[in-house]
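A.B. asks: Pasting the sequence and the predicted model now:
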Amino acid sequence: MEEIKILVNFVNKLLWEKNILVILLIGTGLYFTYKTKFVQLRLFKEIVKSLFRNNNVEGRSSFESFCLGTACRVGAGNIAGVVAAISFGGPGALFWMWIVAIIGSSTAFIESTLAVANRKKINNNEYIGGTPWIIEKKLNKKKLGYLFSFSSVICYIGVAQVMSNTMTETIITNYKINKSIIAMIISIIVGILVLGKKDKIIDSLNKIVPIMAALYLLVVLYIIIKNITLLDDVFLSIINNAFGTKEFLSGTFGGVIMQGVRRGLFSNEAGSGNSGYAASIADVDHPVKQGLVQILSVFVDTLLICTATACIILFNDPLMTSGLNGMALFQESLKSQIGWLGTPFTMITIILFCFSTILGIIFYGKNALYFINKSNKLNLSYKILMVAMIYIGGIEENYFVWGLADFGLGIMTVINILSILPISGEALGLLKEYENDLVQEKIVENKIKL
């Protein structure tokens, strides 16, 4: 066991602390942005339209795929991660999170398009796919696909415990309820949704994700309107801090960038391969359409949700929250804007964010295991294990298991990037084909109008 801990710590330090993943992801994002000719900006109208197309299908719709992908991206990190980035890197860190999201969305597009193009049909209108299937079909390296799948499951076990612990800690901080009772309730609810005869994960996320996003953004919109006269100053502080002479001369300029880059990469997950599991379920007539949907998911995660969190912090009077950090800083900043409602709203937000992430990763893990072994018993055992991990994570902090989340995600990301780079030409070809189809559609539309 001690040898495993040493290995996990060594790999985590190598990949995360030495910035190997940062360099790999940023480099890949820049490359794909160049090769797609900024598809994330050029086709923005099509990106928005793609979410609502093909939703009257017999299989899973683009919207359902979007909810699944967004559920896994939007988690407690969208609050705690943003607060940490601003606390240590200043307001300018948010600017670099925006840049990372824009760049990284091209990677999400490539990996998701490839996932749809190389998925498998398992029932009449049901599909399954992701990086393992891409590796098997395009690289003919099934053992590498097994490694990616196994790393996925390790990651999700760790994430489930982190999310569960975050929920219980948030609740007991504000309301003196026994931690075991809270953990048991969360586990039972998750068990009901995932252990029944019919898997209710996707249907649940279709309801949770729109509600949690709308609720959060509406409150932030109210705060922005309330502080509208400060909006210019807030955005000026973001830009000035991102490029400021003061930061450059004091030697903190690099820290501002790295805080934003790291938090942005960890938040939107573009390049990890996770989005492939979500994209592949959609019943679409062209792979590019689902690639565009995953671009939108990245934008919602960082450009909307993370920016919303930053606004809550930056509109706050620093003197009122001096000495605070993390969730305490977020909650007090919120209370200064909406009064006593800040406490229950923070709790509800964290619960929704974490709960949706738990459901999403259970679905992802189920797909990963399907690649290894199609046994229903293995699938059931995995779900039972995840419910147990949720309970255990809710009652105790296990930093080794939490480290497994970083370990699994790091291995996944390296395998995914090194796998999709040499075969990205397929996705680029599909993009060219899709754009040619759009041109033809417009020509036909113009003829009809004439």
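C.D. replies: Yep, that arrived. Residues are numbered from 1 along each chain as shown.
A.B. asks: where does the stretch 151-300 of the chain have low pLDDT?
C.D. replies: 197, 199, 244-266 (pLDDT under 70).
A.B. asks: Please identify the buried residues of the biggest helix by length in the chain?
C.D. replies: Scanning the chain for the longest helix, with DSSP state H as the assignment, gives helix 142-174. Using 16 or more other CB atoms under 10 Å as the test for burial, helix 142-174 gives 144-168, 170-171. C-beta: built from backbone N, CA, C; applies to glycine.
A.B. asks: can you give me the strands for the stretch 151-300 of the chain?
C.D. replies: For the stretch 151-300 of the chain, applying DSSP state E, counting those that start in this stretch gives no strands.
A.B. asks: Distance from the chain centre to stretch 60-67, please.
C.D. replies: 15 Å (CA atoms, centre = their mean, to the nearest Å).
A.B. asks: Helices of the stretch 251-400 of the chain, start to end?
C.D. replies: Remark: helices assigned in the stretch 251-400 of the chain by DSSP state H, counting those that start in this stretch are 253-268, 274-279, 287-299, 307-314, 326-338, 342-372, 376-395, 399-420.
A.B. asks: Then the stretch 1-150 of the chain?
C.D. replies: 2-12, 20-35, 39-42, 44-52, 62-73, 77-89, 92-117, 131-134, 142-174.
A.B. asks: Now tabulate the ones you listed in a markdown table and tack on distance to Ile189.
C.D. replies: Putting the helices of the stretch 1-150 of the chain into a markdown table (distance: least, CB to CB, whole Å) gives the following:
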| stretch | distance to Ile189 |
| --- | --- |
| helix 2-12 | 30 |
| helix 20-35 | 34 |
| helix 39-42 | 36 |
| helix 44-52 | 28 |
| helix 62-73 | 15 |
| helix 77-89 | 21 |
| helix 92-117 | 30 |
| helix 131-134 | 30 |
| helix 142-174 | 11 |
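A.B. asks: Any idea which of these gets closest to Asp283?
C.D. replies: helix 62-73 (8.5 Å; CB to CB).
A.B. asks: What residues of that closest one count as buried?
C.D. replies: 62-73.
A.B. asks: could I get that helix in CSV with only the CA atoms?
C.D. replies: C-alpha atoms of helix 62-73 as CSV (Å, rounded to 0.1, in the frame of the first residue of the first chain):
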residue,chain,number,x,y,z
SER,A,62,-27.9,16.9,-28.0
PHE,A,63,-29.4,18.7,-25.1
GLU,A,64,-29.1,15.6,-22.9
SER,A,65,-25.5,15.2,-23.9
PHE,A,66,-24.9,18.8,-23.1
CYS,A,67,-26.4,18.4,-19.6
LEU,A,68,-24.3,15.3,-18.9
GLY,A,69,-21.1,17.1,-20.0
THR,A,70,-21.9,20.3,-18.2
ALA,A,71,-22.8,18.4,-15.0
CYS,A,72,-19.3,16.9,-14.8
ARG,A,73,-17.6,20.2,-15.6
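A.B. asks: the inter-axis angle of that helix versus helix 287-299?
C.D. replies: On the basis of axes from the mean of the first three to the mean of the last three CA atoms, to 10 degrees, helix 62-73 is oriented at 40 degrees to helix 287-299.
A.B. asks: Compute the distance from the centre of helix 62-73 to the centre of its chain.
C.D. replies: 9 Å.
A.B. asks: now stretch 19-30
C.D. replies: 17 Å.
A.B. asks: Count the residues that sit near Asn123.
C.D. replies: By other CB atoms under 10 Å, the residues close to Asn123 number 8.
A.B. asks: do you know how far it is from Ile188?
C.D. replies: 29 Å (CB to CB, to the nearest Å).
A.B. asks: now do Lys374
C.D. replies: 28 Å.
A.B. asks: and if you look at Val300?
C.D. replies: 30 Å.
A.B. asks: what does stretch 13-20 contact?
C.D. replies: Contact with stretch 13-20 is made by 21, 258, 406, 410, 413-414, as judged by CB atoms under 8 Å, 6 or more residues apart in numbering.
A.B. asks: ok, Thr346 - contacts?
C.D. replies: 170, 174, 327, 330-331, 334.
A.B. asks: likewise Gly360?
C.D. replies: 68-69, 71-72, 201, 205, 278 are the contacts of Gly360 under CB under 8 Å, 6+ apart.
A.B. asks: Tell me which of the helices of the stretch 251-400 of the chain approaches Gly130 most closely.
C.D. replies: Across the helices of the stretch 251-400 of the chain, closest to Gly130 is helix 274-279 (CB to CB), at 3.7 Å.
A.B. asks: Dihedrals phi and psi, the residue nearest to Ile238 when sequence neighbours are not counted?
C.D. replies: Spatial nearest neighbour of Ile238, excluding adjacent residues (CB to CB, 6 or more residues apart in numbering): Pro91 at 4.6 Å. Main-chain dihedrals, Pro91, degrees, to the nearest 10: phi -60, psi -30.
A.B. asks: distance of Pro91 from Ile313?
C.D. replies: 9 Å.
A.B. asks: Which of the helices of the stretch 1-150 of the chain comes out lowest on mean pLDDT?
C.D. replies: Ranked by mean pLDDT, these end with helix 77-89 at the bottom, a mean of 74.
A.B. asks: I'd like to know which elements that helix is packed against.
C.D. replies: In terms of contacts (3 or more CB pairs under 8 Å, 6 or more residues apart in numbering; DSSP states H and E), helix 77-89 is packed against helix 92-117, helix 253-268, helix 307-314, helix 326-338, helix 342-372.
A.B. asks: quick one on the thing from earlier: return the most buried member of the helices of the stretch 251-400 of the chain.
C.D. replies: Neighbour counts (mean count of other CB atoms under 10 Å) averaged over each of those peak at helix 274-279, with a mean of 32.
A.B. asks: ok so, going back, could you provide the helices of the stretch 251-400 of the chain in JSON lines, with additional columns for distance to Asn118?
C.D. replies: Shown next, in JSON lines, are those (distance: least, CB to CB, whole Å):
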{"stretch": "helix 253-268", "distance to Asn118": "23"}
{"stretch": "helix 274-279", "distance to Asn118": "9"}
{"stretch": "helix 287-299", "distance to Asn118": "9"}
{"stretch": "helix 307-314", "distance to Asn118": "34"}
{"stretch": "helix 326-338", "distance to Asn118": "41"}
{"stretch": "helix 342-372", "distance to Asn118": "12"}
{"stretch": "helix 376-395", "distance to Asn118": "22"}
{"stretch": "helix 399-420", "distance to Asn118": "11"}
